[in-house]
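Colleague: Structure of the sequence below:
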Amino acid sequence: MTQQIILLREPAVTEEERQAADRFGEWFHEVVRDEDYATTYGVQQGLEALAGTDFVFGRNEPGLQHFHRTIHRHLDRGAAAAPRAAR
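Modeller: Okay, the predicted model is just below:
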């Protein structure tokens with residue numbers, strides 16, 4: 001299951017802006033449905049062959065890279081702020 005949430009920097013005020021946001025959401029849905037799901041299925045079919053190896057997931061996905069950098073940055077901050085006994 002995929003939950004898609006499209007966030008805008010500024011609220012879509014005009015009808016043209018709302019339509020543009022809707023078109024972007026529809027386009028993104030099509031990319032996930034038609035490309036990402038198919039790619040994921042193919043990767044899962046061959047995943048066992050990569051057992052015990054490292055591989056890069058999302059090399060060409062800047063959104064995923066940003067997400068992971070952000071998570072790591074927050075985790076690093078949390079670890080730095082944690083009391084020594086909890087580490």
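
Colleague: Gly25 touches Leu8, doesn't it?
Modeller: No - the pair Gly25 / Leu8 is not scored as a contact, 10.2 Å apart, by CB atoms under 8 Å. Heads up, the C-betas are built off the backbone N, CA and C, glycines and all.

Colleague: what helix or strand is the residue nearest the centre of the chain on?
Modeller: Nearest to the mean C-alpha position of the chain, counting by CA atoms, centre = their mean, stands Leu64 at 4.1 Å. Using DSSP states H and E, Leu64 sits in helix 62-81.

Colleague: got it, and Leu8?
Modeller: Using DSSP H and E, Leu8 falls within no helix or strand.

Colleague: sorry, back to before: pLDDT value on the residue nearest to the centre of the chain, please?
Modeller: Here the pLDDT value assigned to Leu64 is 80.

Colleague: Same check on Pro83?
Modeller: 68.

Colleague: and if you look at Gln44?
Modeller: Looking at Gln44, the pLDDT reads 83.

Colleague: what number of residues lie near it?
Modeller: 9 (other CB atoms under 10 Å).

Colleague: So this protein: which segments form each domain?
Modeller: Following automatic domain parsing, one gets these domains for the chain: 1-55, 56-87.
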